[in-house]
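>>> what follows is a predicted structure for the sequence shown.
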Amino acid sequence: MFLKTLPKTFKSSGFRLSVWYSAFFITSSALLLIVAYFFLSSALKAQDWDAILSELNELVSEYEKGGLTLVESEVVEYNKFHRKNPFFIRIAENSNRTVHIFFPHLWDEFDLNRIETFSLSDNKAWISLPTNEDDYDLVIKSARLPDGRWLQVGMSTEDRQKILERFRETFLIIMLPLILFGLVGGSFLAVRTLRPIRDIIQTVQSIEIGRMEARVQRTNTGDELDELARLFNEMLDKISTLISGMKGSLDNVAHDLRTPMTRLRNISETALQAGQDLDLYREALADCIEESDHILNMLTILMDISEAETGMLSLDRKFVNISSLLARVVDMYQYVAEEKGVKLNVSAPDELYTTVDPNRLSQALANILDNAIKYTLSGGQVKIEAFQEKGELIIRINDTGFGISPKDLPQIWDRLFRTDHSRSQKGLGLGLSLVEAIILAHNGRVDVISDPGKGSTFTIFLPSIQ
Ligand code: ADP
């Protein structure tokens, strides 16, 4: 409920990410400083305690050697050189009544009478006496002397507290720029991290307004977001190919349907105008059927080409013997070839297997073979061979026909392209487009070499899949 009422900026992933980055940075910096503070505080405390203990041990051994007089001369000597950090030294009776306190004027801020109220039975314990203002302490350690008295050495925590106070002030001074740095750094990182996502959003927006060529800018870092951008661009490329394929098909269909449709209309119109002649009607209807078949055939091939080119052609792949498949296709054309006086010659090993859609491959081979016979004069020859080479299955169809001029050669794969030479022959100019599309759908390739006047060789390369 609360989230819904927030302005859009606060709900954005960028804002949330920068808050997370900043919070993490600021918290970890603060934690680091706090840990450093505690380390410093305990190191200073340990240092003070060590100093007190060593002074206490030294004075106990002095007392053992020369009594209070030797301790006094030792303390006076010490205070001459350590005016700034004097030790608090006290001698007390077993009952904790004060016998002597050295330089009591140095400890005016403490109520020294209170020391007599502390219990001395546990000489391992540390006594802590706060100042009258309670701003720092006098920490004291006691040791039992051989004559039953107590020797106490102490030290004020004032210096230690001042150092720690300075640290706390510095902590606050450092934290301010650190917070600023964390906020700026967090926003910067969030902006950088989300840049590819924003690019994708922008690209989608551009596509929405009709700019189909828009693509996401790659960072080429190879990270997940770059991979997402690559896949997104690939998807757009595929969609563009699909759209332009559909558009191309539509243009071709519209263009090429016009002639047979006009012809259909003319036949019907002429028949109607001719009066009641039944034979004429019959002839007109037969012509209409022929034209309709022609249109249907063209539409089917165009649909097949579009599907294959856009990767939508569903192939029913099977592990087949290509030699048998070739034999069946050649068989179909044997009669036509004989009629035309063209010799068909097949050479392929008995066992030549790969995985293909047998119907589609037969369709492609039939188209090439049909052309080879169609564009070869009587007395000519068409040679078909199939073999395996370097992991590929190769099917080669060579004819001794007209050949194709170098100028036309690159265009023969285009939809509805026909050379001037072939005008006299029946055809739609779609056969080779379909061949290329089918072979590409099989992840193969097809190429042609031709010598005008001598003949052409079409070669299909298919992956040898076991
Ligand atoms: P078509 O229906 O015209 O045969 P294709 O797409 O099959 O359409 O072929 C395109 C053009 O390529 C043909 O019109 C023809 O001019 C040329 N062509 C194809 N195969 C051969 C060949 N074996 N010999 C000579 N020309 C050929």
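Nice, I can see it. Residues are numbered from 1 along each chain as shown.

>>> gap between the longest helix seen in the chain and the chain center?
Of all segments of type helix in the chain, defined using DSSP state H, the longest is helix 13-81. With C-alpha atoms, centre = their mean, to the nearest Å as the basis, helix 13-81 stands 52 Å off its chain's centre.

>>> got it, and stretch 339-350?
The chain centre lies 55 Å from the centre of stretch 339-350; the measure is C-alpha atoms, centre = their mean.

>>> what's the first-to-last distance across that stretch?
End-to-end distance for stretch 339-350, by C-alpha to C-alpha, to the nearest Å: 28 Å.

>>> in that stretch, which residues are buried?
Within stretch 339-350, the residues that qualify as buried by neighbour count (16 or more other C-beta atoms under 10 Å) are 342, 344, 346, 348. C-beta here means a position set from N, CA and C on the backbone, and glycine is covered the same way.

>>> next: stretch 390-401.
Applying 16+ other C-beta under 10 Å to stretch 390-401 flags 393-401 as buried.

>>> among those, which lie within strands?
393-399 (DSSP state E).

>>> give me the helices and strands touching the helix or strand hosting residue 155, please.
Per DSSP states H and E, residue 155 falls inside strand 150-156. Identification of packing neighbours for strand 150-156 by 3 or more C-beta pairs under 8 Å, 6 or more residues apart in numbering; DSSP states H and E yields helix 13-81, strand 88-92, strand 126-130, strand 137-144.

>>> nearest to residue 221 among these would be which one?
Residue 221 sits nearest to helix 13-81 of all those, at 17.9 Å, using C-beta to C-beta.

>>> so which elements touch the closest one?
strand 88-92, strand 137-144, strand 150-156, helix 158-208.

>>> Three-state assignment for the residue of the stretch 151-300 of the chain found nearest the ligand, please.
Closest residue of the stretch 151-300 of the chain to the ligand, C-beta to the nearest ligand atom: residue 298 (10.4 Å). Here residue 298 is helix, with the state taken from DSSP: H, G, I helix; E, B strand; the rest coil.

>>> domains of this structure?
Following automatic domain parsing, one gets these domains for the chain: 11-164, 224-309, 318-463.

>>> re the thing from before, out of the helices and strands packed on strand 150-156, which one sits most buried?
Burial of the helices and strands packed on strand 150-156 is given as mean neighbour count (mean count of other C-beta atoms under 10 Å); strand 88-92 ranks first at a mean of 22.

>>> within the helices and strands, which one has the closest residue to the ligand within the stretch 201-350 of the chain?
For the stretch 201-350 of the chain, the residue closest to the ligand is residue 301, as judged by C-beta to the nearest ligand atom, at 9.5 Å. Assessed by DSSP H and E, residue 301 sits inside helix 278-309.

>>> how about the contacts made by residue 435?
364, 367-368, 446 (C-beta atoms under 8 Å, 6 or more residues apart in numbering).

>>> no no, residue 271
Applying C-beta under 8 Å, 6+ apart, the residues contacting residue 271 are 280-281, 283-285.

>>> again, only this time at 10 Å
When contacts are counted by C-beta atoms under 10 Å, 6 or more residues apart in numbering, residue 271 touches 277, 280-285, 287-288.

>>> next one, pLDDT for it please.
Residue 271 is assigned 87 on the pLDDT scale.

>>> quick one: it from residue 295, how far?
Residue 271 is 18 Å from residue 295, where distance means C-beta to C-beta, to the nearest Å.

>>> one more: residue 434?
Remark: distance between residue 434 and residue 295 (C-beta to C-beta) = 17 Å.

>>> neighbour count: the two, which is higher?
residue 434 (23 against 18; other C-beta atoms under 10 Å).

>>> find the nearest non-adjacent residue to that one, please.
What sits nearest to residue 434 in space, not counting adjacent residues and going by C-beta to C-beta, 6 or more residues apart in numbering, is residue 305, at 5.2 Å.

>>> not counting its neighbours along the chain, what's nearest residue 318?
Of all residues not flanking residue 318 in the chain, residue 358 sits nearest, at 5.9 Å (C-beta to C-beta, 6+ apart).

>>> and if you look at residue 18?
Closest to residue 18 by C-beta to C-beta, 6+ apart is residue 190, at 3.8 Å.

>>> show me what contacts that neighbour?
With contacts defined as C-beta under 10 Å, 6+ apart, the neighbours of residue 190 are 12-22.

>>> CA atoms only for the host helix or strand of residue 456, dumped as PDB, please.
Take DSSP H and E as the rule and residue 456 turns out to sit in strand 455-463. Output in PDB follows, covering the C-alpha atoms of strand 455-463 (Å, rounded to 0.1, in the frame of the first residue of the first chain):
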ATOM      1  CA  GLY A 455      26.600 -26.600 -69.600                       C
ATOM      2  CA  SER A 456      26.100 -26.100 -65.900                       C
ATOM      3  CA  THR A 457      26.900 -27.900 -62.700                       C
ATOM      4  CA  PHE A 458      24.700 -27.600 -59.600                       C
ATOM      5  CA  THR A 459      26.300 -28.900 -56.300                       C
ATOM      6  CA  ILE A 460      24.400 -29.500 -53.100                       C
ATOM      7  CA  PHE A 461      26.400 -29.900 -49.900                       C
ATOM      8  CA  LEU A 462      24.600 -31.500 -46.900                       C
ATOM      9  CA  PRO A 463      25.900 -32.100 -43.400                       C
END
